[in-house]
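Peer 1: Pasted the sequence and its predicted model underneath.
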Amino acid sequence: MPLSVNVEASETFPANEAVTLPKLRKAAKPSVAISGTVGAIDLASNSISTAKLEDGCVTAAKMGNAAIDGDSDNTNKRGVLLVSGVQSGTTTGQFEELYAGEVNQFLIGSGTVSEGVWSGDYNLKSKALGSGSSLEVTSQNNTSFDLVIKDGAIVQDMMGTGSVGKAQIRDNNITLSKITAGGGISADGGIAENDATFWGGIIQINPALTVGGYHGKVVTLQPTKRNQVLYADEIGKSFIFGDHPQVPRASITAWQTSGTYSNDTATAAATGDFKLIRANNVTSIERTAKGTYKVKFPADVYATGDTVHVSGWTDHDGDETYHAVAGVLDDTAGLTNNTVTTTNDVQELIVTFYSHFAATAAGSDKNNGRFIELAFY
């Protein structure tokens, strides 16, 4: 029942008795008795301040229940938090119930991002990982949960430079399909171009270059012109694509079958007078004077000014053979004019056949041959 107050007089002043000073003093102190209880209806709104609450008096049983917005199976209404601030229209500074809603959800300061800039209202909300997340919760127990990277979620852009070491690469898993020629024209050591107009290449280990303090960097290597060979020049150096001093850059087997011929004529013989039985990087041969021949090459065999040496011979009617030199004999240098010249964009070299080598160039004899074998270095 509600509270009631009973007030009783301390002096009744009986009839026919004198009113004395002591009786007056006693009557001024009546007795007051309060009984009953205070109910919720008896309290005015906002009548109890926080100062009136005893410490620890608000127990779990005194807390309210959240509205169920998540799993319908969660009938016990578990996983409820009290959060401050405006969640669903409450007044700033007040509390509101926040419910997780689903399993495997996280509490996060709510916000949105636009062009890399985040904004939000500072609300705490329960949210699940989105479908675009690279992470997922795979298991839980009473004390922990496992947050792991999804299968296939790591893409190339996530990989930092040098992030994959040799320990992370499984044995026998780098196949030919995984290797590119440098990965592009600007790649370190790469040779790949935007089209096919370049010489092929190989992958080699260069002992002269270092990686992480160790000698032996993997780089690409490619030739620069036709008929170059791969060889080792000396220890501690890279392989070389080049013109090996013992491997001909060009060679020819020619037979003069028409035109003027004798072994000592100075009359010229045109290119059409020779049959090219075999020609490797040689386009033509002609006789320009006694014992003097002009050999022409494709544009990418030699460069203008290159020094050339030749090995070979010519046969005159089966009973005489003459030896070839590039250019002509010279008393001082041994040879002269043994460099490539260019006429009308055609690379040319003079070859001279000698039937006799004297102590001087002037004393040596030049002669012509009908069948010619030459190799150029």
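Peer 2: Done, it's in. What you are looking at is a predicted structure, and each value in this text was computed from that prediction instead of being measured.
Peer 1: Beyond the one helix or strand in the chain whose mean pLDDT sits lowest, next helix or strand please.
Peer 2: Within the chain, no helix or strand scores below strand 95-99, which has a mean of 69 by mean pLDDT, DSSP states H and E. Counting by DSSP states H and E, the next helix or strand C-terminal to strand 95-99 is strand 106-109.
Peer 1: What is that next one packed up against?
Peer 2: Counting contacts by 3 or more C-beta pairs under 8 Å, 6 or more residues apart in numbering; DSSP states H and E, strand 106-109 packs against strand 124-127. All C-beta atoms are positioned from the backbone trio N, CA, C, and that covers glycine.
Peer 1: Okay, now the unreliable bits of the stretch 251-377 of the chain?
Peer 2: Residues of the stretch 251-377 of the chain meeting the criterion pLDDT under 70: none.
Peer 1: quick one, strands of it?
Peer 2: For the stretch 251-377 of the chain, the strands defined by DSSP state E, counting those that start in this stretch cover 274-280, 284-289, 292-297, 310-316, 320-326, 328-330, 334-336, 341-343, 346-356, 365-366, 371-376.
Peer 1: go on, the stretch 101-250 of the chain?
Peer 2: All strands of the stretch 101-250 of the chain, identified by DSSP E, counting those that start in this stretch, fall at 106-109, 112-114, 117-119, 124-127, 135-140, 145-149, 202-211, 214-221, 229-232, 239-242, 250-256.
Peer 1: Note down every partner strand of the first one and its orientation.
Peer 2: Under the criterion DSSP bridges, strand 106-109 sits next to strand 124-127 (antiparallel) in its sheet.
Peer 1: can you give me the mean pLDDT across the strand it pairs with?
Peer 2: Mean pLDDT, strand 124-127: 82.
Peer 1: List the buried residues for it?
Peer 2: Judged by neighbour count using 16 or more other C-beta atoms under 10 Å, the buried positions of strand 124-127 are Lys125, Ser126.
Peer 1: Stretch 5-17 too?
Peer 2: For stretch 5-17, by 16+ other C-beta under 10 Å, it's Glu11.
Peer 1: ok now it, how far from the chain's centre?
Peer 2: Centroid separation for stretch 5-17 versus its chain: 104 Å, with C-alpha atoms, centre = their mean, to the nearest Å.
Peer 1: Now tell me what touches that stretch from outside.
Peer 2: 19, 23-24, 26-35 (C-beta atoms under 8 Å, 6 or more residues apart in numbering).
Peer 1: so which of these would you say is closest to Val218?
Peer 2: Val218 lies nearest to Ile34 out of the contacts of stretch 5-17, by C-beta to C-beta, at 97.1 Å.
Peer 1: residues touching Val310, list them.
Peer 2: Val310 neighbours (C-beta under 8 Å, 6+ apart): Ala324, Val325, Ala326, Leu349, Val351, Leu374, Ala375, Phe376, Tyr377.
Peer 1: Most neighbours among those, which one?
Peer 2: Phe376 (26 neighbours; other C-beta atoms under 10 Å).
Peer 1: which strand residues sit across from that residue in the sheet?
Peer 2: Beta-bridge partners, per DSSP bridges, of Phe376: Ala250, Val310.
Peer 1: Let me know whether Asp233 touches His244 as I believe.
Peer 2: No - if you go by C-beta atoms under 8 Å, Asp233 and His244 don't touch, sitting 9.5 Å apart.
Peer 1: how much space between Leu53 and Val351?
Peer 2: Note on Leu53: its distance to Val351, by C-beta to C-beta, to the nearest Å, is 116 Å.
Peer 1: Kindly report the same for Ala100.
Peer 2: From Ala100 across to Val351, the span is 94 Å (C-beta to C-beta).
Peer 1: cool, Arg278 as well?
Peer 2: 16 Å.
Peer 1: what does Val164 give?
Peer 2: 58 Å.
Peer 1: To Asn367, which of the strands of the stretch 101-250 of the chain lies closest?
Peer 2: Across the strands of the stretch 101-250 of the chain, Asn367 has its closest neighbour in strand 250-256 (13.2 Å, C-beta to C-beta).
Peer 1: how far does that closest one sit from the chain's center?
Peer 2: Using C-alpha atoms, centre = their mean, the offset of strand 250-256 from its chain centre is 52 Å.
Peer 1: Residues contacting that strand, please?
Peer 2: 227, 269, 273-282, 285, 287, 295, 297, 301, 370-376.
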